[in-house]
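Undergrad: sequence and computational prediction follow.
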Amino acid sequence: METEKEWREKEGSKISKHKTETELHTLLSFGRGAVISMEKELFNPDVFNEVKYGEKEGIGVYYPIYRDGSCAEAQYIKFRYAKYGNEDVVILERASKEEMQEYDKERLGHLLRR
């Protein structure tokens, strides 16, 4: 039987995943240049099927699911951690497949320089 702490962590993860997906759907409903922010504590990168990130930023692949259960095409989302006043937030914005490939190249180049 799970402890209360384990239960709270599991439920917190479900809530943060739901909040993250809600914000992603909001972002995707706007145009290409849209940018939104959300509280850092509510952001959960586990919603991405593929995610690559460094210390303060990243990019992920998100597959929205339609109400009938089918899956939409891949959406690329950039995120970065920031400070807004006294709050820690995550800034989300749409990206492209090319940006994700470029991110991979930069990370690989950085690792090869070491």
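TA: Right, received. Where do you want to start?
Undergrad: and residue 21, which of the three is it?
TA: The three-state label given to residue 21 by DSSP: H, G, I helix; E, B strand; the rest coil is helix.
Undergrad: for the closest residue in space to it that isn't next to it in sequence, grab the count of nearby residues.
TA: Take residue 21 and drop its neighbours on the chain: the residue closest to it by CB to CB, 6 or more residues apart in numbering is residue 47, 5.4 Å away. Every C-beta, even on glycine, is put in place using the N, C-alpha and C of the backbone. Counted with other CB atoms under 10 Å, residues neighbouring residue 47 total 19.
Undergrad: go on, the one 5 residues further on?
TA: Residue 52 is flanked by 14 other residues according to other CB under 10 Å.
Undergrad: against residue 29, how distant is it?
TA: 25 Å (CB to CB, to the nearest Å).
Undergrad: give the contact list for the residue nearest to residue 21.
TA: Residues near residue 47 by CB atoms under 8 Å, 6 or more residues apart in numbering: 17, 20, 21, 24, 60, 62.
Undergrad: distance check, the third one against residue 86.
TA: In other words, residue 21. 26 Å.
Undergrad: show me which of the two is the more surrounded one.
TA: Between residue 21 and residue 86, residue 21 has the larger neighbour count (other CB under 10 Å), namely 15 against 5.
Undergrad: report pLDDT for the more buried one.
TA: What the model reports as pLDDT for residue 21 is 91.
Undergrad: equivalent analysis for residue 113, please.
TA: 65.
Undergrad: likewise residue 47?
TA: Per-residue pLDDT puts residue 47 at 91.
Undergrad: repeat for residue 18
TA: For residue 18, the model assigns a pLDDT of 89.
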